[in-house]
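[1] I'd like to go over a predicted model; first the sequence, then the structure.
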Amino acid sequence: MAENYDHLRERARSVSGKSGRVRQRIAVDPSFDPWSVPLDELNVANPEIFRQELWPKYFKRLRDEAPVHYTADSQYGAYWSITRFEDIMEVDKRHDVFSSDFTMGGITIHGRPTSMQELPMFIQMDPPKHDAQRMTVAPMFTQRSLAELEAVIRERAGNILDALPRNTEFDWVPEVSVELTSRMLATLFDVPQEDRKTLIRWSNIVSNADDPDYITDAAQFWEAMAECGEYFAHMWQSKKSAEPRFDLLSMLSHSPATADMDRRELLGNVILLLVGGNDTTRNSISGGVHALNEFPDEFAKLRANPALVHSMVPEIIRWQTPLMHMRRTVMQDVDFRGHALKRGDKVVMWYLSGNRDERVIDDPDRFIIDRKDPRHHLSFGFGIHRCLGNRLAEIQVRVLWEEILKRFSRVEVRAEPVRASSSLFRAIQSMLVAVSA
């Protein structure tokens, strides 16, 4: 496999200074009432709805009046919205009808069929190739492996928390959430810890590629992808020529299912594992701090009974829903809940809406750390694409909170978080806090 990614650098040169893949922001009036317009005029995919935290009322109307809803015109083209818990689960499990394949547009509302922007990666594949590639890295997430990683996570979490200033404002996101997840990413890939900020930079560019506040020039995206590809292609060759080790890159380079990947597929799977190991966990860590500040009685409950951290962690992940949607493409004409979906239609499963579905979850708009069934949520998906690293994410959040409770009486949010302009990741970009010993 060639180690250079000149085709991506050429792409960067060709779009330099142009709008390219950069989205134009469509303003939303915070006072807008979603019940004031005809249903067919609602576009719940506008990223500004999520940046401004306006989404609950939009999804409430769809769940009640049009749980399978068609938007004919949006910045992402036409799409169906699936907003109820049980309906989302049904679509997620029927991979024979609803495809994830990258050649059909992949797993996000932004994806376009046959676009070179859609990199092949196993989450954007259907069986049998999906299954074979997923199994390649599955040993990293077994119970035994995770038990060994937990000790590493605990030591690092303690070091990070001990270094924080007391009674002084600082940004929780880079100092804690990103720092913990970046150290774990470097470990999983077996790359030098001093490179961890570079891994996060590449992950951030992918996660924020649709945010005009973050990516102002399309060339930034393609240049970063070329850098990432070349970095990992070099390491890939080193791993292939060495004895197998217990890290993600070595697993991929030595498995028959992935050893012969071309450079696009290598980059795609690396990006998948980078973003998957970064965004879900870091935004759950940040979201948990914010939730406990919004519901101080729950924080008091946790301090009185620290054992509740075990049920709190999945509640944080439900409440935050760090990955707000997944997209599928209809493979064949199908009737779904009385609606005629056509081959090629784009179907968006709004996990964020399903996690607030009153039909399935009691009092879903409250953050409750001692729910009876806290794992009954959609944040990790269902079926063959259920998040492979879900337990690792939970361990990182749990261990961090166990260490927080040993050190701090309070983690106080001092200003409203700065949120991403994204319809995909419910990301907190910045959050000023102060901690008390």
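    Alright, I've got the coordinates. Bear in mind the structure is a predicted one, so any value in this text is a computation, not a measurement. Numbers count the residues shown, from 1 in each chain.

[2] so which residue is smack in the middle of this structure?
    Nearest to the mean C-alpha position of the chain, by CA atoms, centre = their mean, lies residue 323 at 4.0 Å.

[3] who are the contact partners of that residue?
    Contacts for residue 323 (CB atoms under 8 Å, 6 or more residues apart in numbering) come out as 279-280, 351, 379, 424-426. Backbone N, C-alpha and C define where each C-beta goes, glycine included.

[4] with residue 149 instead?
    Shown in contact with residue 149 (CB under 8 Å, 6+ apart): 184, 187, 392, 395.

[5] tally of neighbours for the last one?
    Right, residue 395. Counted with other CB atoms under 10 Å, the neighbours of residue 395 add up to 20.

[6] give the contact list for it.
    Residue 395 touches 146, 149-150, 153, counting by CB under 8 Å, 6+ apart.

[7] just the buried members of the residues you listed?
    Buried subset of the contacts of residue 395 (neighbour count, 16 or more other CB atoms under 10 Å): 146, 149, 153.

[8] and the last one, what element?
    Pointing back at residue 153 there. Here residue 153 sits within helix 143-162, counting by DSSP states H and E.

[9] per-residue confidence averaged over that helix?
    For helix 143-162, the per-residue pLDDT values average out at 95.

[10] and for stretch 295-303?
    pLDDT averaged over stretch 295-303 gives 97.

[11] what of stretch 53-66?
    Averaging pLDDT along stretch 53-66 yields 97.

[12] ditto for stretch 101-113
    If you average the pLDDT over stretch 101-113, you get 88.

[13] now the strands for this structure?
    68-71, 79-82, 98-99, 170-171, 325-330, 334-336, 339-341, 346-350, 410-413, 418-419, 428-430, 432-436 (DSSP state E).

[14] CSV for these, including mean neighbour count?
    Below are those laid out as CSV (neighbours: other CB atoms under 10 Å):
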stretch, mean neighbour count
strand 68-71, 18
strand 79-82, 24
strand 98-99, 24
strand 170-171, 16
strand 325-330, 23
strand 334-336, 14
strand 339-341, 15
strand 346-350, 25
strand 410-413, 18
strand 418-419, 17
strand 428-430, 19
strand 432-436, 18
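
[15] for residue 383, find the nearest of the ones you listed.
    Closest of the strands of the chain to residue 383 is strand 98-99, at 9.7 Å (criterion: CB to CB).

[16] tell me the gap between that closest one and the middle of its chain.
    Computed by CA atoms, centre = their mean, to the nearest Å, the chain-centroid distance of strand 98-99 equals 20 Å.

[17] for stretch 80-91, how far is the first residue from the last?
    End-to-end distance of stretch 80-91: 12 Å, with CA to CA, to the nearest Å as the criterion.

[18] mean confidence score for that stretch?
    For stretch 80-91, mean pLDDT rounds to 98.

[19] off-centre distance for it?
    Offset of stretch 80-91 from its chain centre (CA atoms, centre = their mean): 18 Å.

[20] would you mark the buried spots in it?
    Of all the residues in stretch 80-91, those buried under the rule 16+ other CB under 10 Å are 80-85, 87-91.

[21] in stretch 287-302, which residues are buried?
    By 16+ other CB under 10 Å, the buried positions in stretch 287-302 come out as 287-293, 295, 298-299, 301-302.

[22] look up the residues forming beta bridges with the nearest residue to residue 168 once chain neighbours are set aside.
    In this structure, residue 168 finds its nearest non-sequential neighbour in residue 434, 6.2 Å apart by CB to CB, 6 or more residues apart in numbering. Assessed by DSSP bridges, residue 434 has beta-bridge partners residue 412.

[23] pretty sure residue 434 is touching residue 412, no?
    Yes - Residue 434 is in contact with residue 412 according to CB atoms under 8 Å; the separation is 5.1 Å.

[24] can I get the strands of the chain in CSV with distance to residue 312?
    Formatted as CSV, these follow (distance: least, CB to CB, whole Å):
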stretch, distance to residue 312
strand 68-71, 33
strand 79-82, 28
strand 98-99, 33
strand 170-171, 23
strand 325-330, 25
strand 334-336, 35
strand 339-341, 38
strand 346-350, 24
strand 410-413, 14
strand 418-419, 22
strand 428-430, 18
strand 432-436, 18
